[in-house]
Structures are given as C-alpha cells and as structure tokens.
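**Q** Starting from these lines, generate the structure:
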Amino acid sequence: MLKGRVFEYYEEFTLESGRSLPGFQLFYTTWGTLNEDRSNVVWVCHAFSGNAFVKDWWGDLFGEGKTFDPAKHFIVCANSLGSCYGSTGPLSVNPDTGKPYYHAFPTLTNLDVVRAFDALREHLGIEQINVLIGGSIGGQQALEWAVECPEVTKRLVQIAGNARQTPWAVALNESQRMAIEQDVTWQLATDDAGLQGMKTARSIALLSYRNYNSYNQSQKEPSSDLKRTYRAASYQRYQGEKLAKRFNAFSYWHLTKMMDSHHVGRNRGAVEEVLRQVQAETLVIGVDSDQLFPLNEQRFVARNIPNATLQIIRSEAGHDGFLLETDQLTHYLDTFLQKKQQRKTWIPTVF
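**A** Presented below is the predicted three-dimensional model:
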C-alpha cells in the first residue's frame, strides 16, 4: 500500500545561494517493503508539476507486475522543495514571521533539493539507492544527486534531462515568468497571486513539451469550415485552466528558476570532468523529437559518464514522450535492469 508521510528537518538548512531555510519539510511516499539488506530501493525524482504519488503519473511503470513492482521494490518519491504538494515552498509559513513566504521565498537549486532528499534518505536508514530515476527536472535532480553523492546510487536512470540548462530552455522559462509578471495580481501576497498569468505560462510551456507534428496530429480540425474556436486554441486554454486548479504561480516561478540554474559543473569544474566522476551504472534515455531537451544533450551526458548507455525513444510527442511512451520505456528499463544484451532492433508497438 502506498503511504504518504512528512519528513521534518529542524536544523538550519543552508542553500547554495548562501541564504538559508530555518528547517524544512518534505512530503514523501513509500510503496512496498524494504528488504532485509536494504538493497531494493527505487527512488523517483518527479517532473516539473508532478507529485510524490508516482503511480498517478507513471502508473504504467510502477505497480503490480510492472517494471517497478512494490512486491519486489521499496519505492520512494518525495515532493521537491519549492513545489506545492506538501513540501516546504513559497506558500509555507515562515516560522520567523508567522506568515507565508510568498515573494520572500529564497531561490532554490537542484543541489538544494537533492541535499534535502539525501537528508530524508539518511532518516529512512537507506545506505544505497538501487535505482535512482527521474525525467525532465527530475532527471536533472537525479544526475545532480549522483554527482554530489556518488557512492549513494548503484544505478542511475536519467530520462529527457541534461547536465546543464541551455540558453534556449532559459529563454522559454523567462517567457513564462514574463507572462506571470503581466498578471496584475502577481505583486499581491495571496495564495492565488499570478494565477491568470500562470495559465498563459503553461500555454507557452506546452509548445516546448510537444512540437509541430504532435499538434498537427492531436489538434487537427476535422473540416475546413470557418470556426469561432479552433481545437488547438481550446486545448491551450484548457491546459492552463487545468493546471490552475492544482498548482500555484509561486511554485511555478521558483521551479523554472531552479531549472535555469541547473549546471552540474558549478563550483566543481568542467562538466565533462564532473560527469566522469559518476560511479553509478547509468542509463540515459532521450526522445528523438524533444525540442526542450534535444537528443544531443542526452548524448553528451552518456558520452561522458564512464559506465553509461544511451537509448532513444522514437515518438512524435516531443518532450512529453518520456511520460507517454511507456512501452518503449519499459523495454529499455527492463533490459538495463536485467543486464540483458539486445540481439536485434526492437520495434515499438505504440507511437
């Protein structure tokens, strides 16, 4: 049974920026049973607007009879600092003031997040993670963790991620923050500040999560009749409204900033040299149509980690292929985890 808990860290927590939090909390879930020698841990780092309930958004990979089966594995997923699903974030009460942080919440980096995750790992009595897996920003965090604590991870799976954020991705994120800034409520100290702007931000983000071909397939008009509203236009508005019901603009803002600062070489040295220090057996997976984190970024990671394999998802879905193409993901993960050599080219059944 999947169980949700809260980990409380009561000491001052110094951030990479030099600022600090007077402690923090992480909401996390566990699923399955830790075996006697504690060797069956699977730790999941969730994507941008994801949460700790991994079955809700990666259910084809996690569950009974799936690649990660709670009957065999002890599955852990913690909500990221800065997010809004139970972990310390901008809407949390600052114990120093007795009021929510809102705009005063400090800037976080992926390194801050994985240091918090590592404190939770120690709290749970886990010495080594058998499989550390994450996609998108979760993939950034998984790699950051494998660099920061190389002895902790036995197997690393980074999906649709990279080693440092590119100017292209920073520009996309800044455009989203500009949309939030245009919302006249953004300057208010309220839970729903910037919510309308966040809807537009989500619309911008979707254009990088998918691509030209995926929109032409999924939002194609059934006829050439003149319309008041086109399917693609309705889709953009619907996705913005959908996110606004479950997320907030403050977390959105901070998580995009967190992505922008991603750079495993910061204060460590050249990225190539830093990647060579990763000790985990590594599987890097990219999506061939990804326009947010293009395939050349995964090739770079795989080329520089000593014991790494690169696999490519064939998909028209763009960046979101890492969530949607579960048949291909299952095949690559099962092959990697079972250490079986592929003897022939595998042809996916679902595109």
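
**Q** residues contacting Ser261?
**A** 107, 109-110, 165 (C-beta atoms under 8 Å, 6 or more residues apart in numbering). All C-beta spots, glycine's among them, are computed from the backbone N, C-alpha and C.

**Q** which one of those has the most neighbours?
**A** Counting neighbours by other C-beta atoms under 10 Å, Asn110 comes out on top of those with 27 neighbours.

**Q** gap between the residue nearest to Cys84 when sequence neighbours are not counted and Asp191?
**A** Residue nearest to Cys84 in three dimensions, not counting chain neighbours: Ser251, with 4.3 Å by C-beta to C-beta, 6 or more residues apart in numbering. To Asp191, Ser251 is 11 Å away according to C-beta to C-beta, to the nearest Å.

**Q** Find residues that contact each of those two.
**A** Shared contacts of Ser251 and Asp191 (C-beta under 8 Å, 6+ apart): Leu91.

**Q** who's more crowded, those two?
**A** Of the pair Ser251 and Asp191, Ser251 is the one with more neighbours under other C-beta under 10 Å, namely 22 against 14.

**Q** Tell me the secondary structure at the most far-flung residue of the chain relative to its centre.
**A** The C-alpha centroid of the chain is most remote from Asp225, which lies 40.4 Å away (C-alpha atoms, centre = their mean). What DSSP: H, G, I helix; E, B strand; the rest coil gives for Asp225 is coil.

**Q** Just to be sure, Gln140 is in a helix?
**A** Yes: secondary structure of Gln140 (three-state DSSP): part of a helix.

**Q** looking at it, it is touching Val114, isn't it?
**A** No: using C-beta atoms under 8 Å, Gln140 is not in contact with Val114, being 9.6 Å away.

**Q** Of the two, which one has the most company?
**A** Comparing Gln140 with Val114 by other C-beta under 10 Å, the one with more neighbours is Gln140, at 30 against 26.

**Q** ok, the more buried one - contacts?
**A** If a contact means C-beta under 8 Å, 6+ apart, then Gln140 has 110, 134, 161-162, 165, 259, 262 as its contacts.

**Q** Can you tell me what sits against stretch 112-128?
**A** For stretch 112-128, contacts defined as C-beta under 8 Å, 6+ apart pick out 7, 9, 13, 15-16, 24, 26, 28, 30, 34, 38-39, 41, 43, 45, 76, 78, 80-82, 129, 141, 144-145, 148-149, 151-154, 258.

**Q** same thing but 6 Å
**A** Applying C-beta atoms under 6 Å, 6 or more residues apart in numbering, the contact partners of stretch 112-128 are 7, 9, 15-16, 26, 41, 78, 80-81, 141, 144-145, 148-149, 154.

**Q** Can you give the domain ranges for the protein?
**A** If you go by the TED database, the domain ranges for the chain are 4-167+265-344, 169-258.

**Q** Spell out the secondary structure type for the residue nearest to Cys84.
**A** Once three-state DSSP is applied, Ser251 turns out helix.

**Q** Kindly indicate which of the contacts of Gln140 lies nearest Gln338.
**A** Gly134 (20.7 Å; C-beta to C-beta).

**Q** Where does the prediction get shaky in this protein?
**A** For the chain, the stretches flagged by pLDDT under 70 are 340-351.

**Q** Swap in 80 and give it another go.
**A** Where the chain drops to pLDDT under 80, the residues are 1, 339-351.

**Q** So which residues of it form helices?
**A** 54-57, 110-123, 137-148, 167-181, 195-209, 212-218, 231-244, 249-260, 271-275, 295-304, 321-324, 326-338 (DSSP state H).

**Q** The fifth one vs helix 249-260, what angle?
**A** So that's helix 195-209. Following axes from the mean of the first three to the mean of the last three C-alpha atoms, to 10 degrees, one obtains 30 degrees for the angle between helix 195-209 and helix 249-260.

**Q** Let me know the angle separating helix 195-209 from helix 167-181.
**A** Helix 195-209 runs at 160 degrees relative to helix 167-181, counting by the same axes, to 10 degrees.

**Q** cool, and the last one?
**A** Between the direction of helix 326-338 and that of helix 167-181, the angle (the same axes, to 10 degrees) works out to 130 degrees.
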